[in-house]
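In: give me coordinates for this.
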Amino acid sequence: MSTLLGPLDQDDRIPPRQQTRVAAFLMSAHGAQARQLAATLPIHLLQPWQLELHAQYCREMEILSLLTRATTWVPDPALAFMIWQWEAAWMPQPMPGAADHLHGLLVDMAALGHAIHAGIRPAALLPEGVAPTDPFVLAMRRIEFESGRLLQAQILFLKGPQLVDVRDEVSAAVERRHAQVRELWTSMLGGLNVGTE
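Out: Numbers count the residues shown, from 1 in each chain. Predicted coordinates for the structure are as follows:
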């Protein structure tokens, strides 16, 4: 089992089957984050945190658009089951101990975002010699860059003073989401004979 995608084809590109599987996973994860962000956005953006949610939503939509256009898609019958499993995992799970239901949902959304943006490093899977101008390669690098930017906002929220009274519950929610994302990411890559360690 390799720790990188490949072997590369004659044009030094990632095989379409691997592109399809990786992109489908990323679209499922980032799509879930975008849907949750959209559901929390108010009609009028008045507060700084509302503007931040809107900015995060826009970045997630850019990632989805990029994946759609940059991936060489091929039929993958296994995705029918995998996508169902992934989508079920991303369902909101309000944090226990939150002040109210919305507060619990916001913490869970930030925890899921933290797990997606910190735990998935698609550019790290690219082997040496890959075509540097290939759209899929550029997309993987761009997604990793954008994830770093989005991660900062999630860290600020999760470590913010408004959550000091429920710090243990927040930490547990983040750990649970990280374990969930790591398990699904590792399993998906294992199906491509790619290991994460």
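In: contacts for stretch 24-42 next, please.
Out: 50, 53-54, 56-57, 60-61, 63-64, 67-68, 76, 79, 82-83, 86-87, 90, 92, 102, 105-106, 109, 112-113, 116, 120, 122, 143, 181, 184-185, 188 (C-beta atoms under 8 Å, 6 or more residues apart in numbering). Just so you know, the C-beta spots here come from the backbone N, C-alpha and C atoms, and that holds for glycine as well.
In: which of those residues are buried?
Out: 53-54, 56-57, 60, 63-64, 67, 76, 79, 82, 86, 90, 105-106, 109, 112-113, 116, 120, 122, 143, 181, 184-185, 188 (16 or more other C-beta atoms under 10 Å).
In: buried residues of the helix or strand where Gln180 lies, list them for me.
Out: If you go by DSSP states H and E, Gln180 is part of helix 167-190. For helix 167-190, a neighbour-count test (16+ other C-beta under 10 Å) marks 169-170, 173-174, 176-178, 180-181, 184-185, 188-189 as buried.
In: please apply the same query to stretch 88-102.
Out: Ala89, Trp90, Gln93, Pro94, Met95, Ala98.
In: re the thing from before, which elements pack onto the helix holding Gln180?
Out: Here helix 167-190 touches helix 16-40, helix 79-89, helix 101-119, going by 3 or more C-beta pairs under 8 Å, 6 or more residues apart in numbering; DSSP states H and E.
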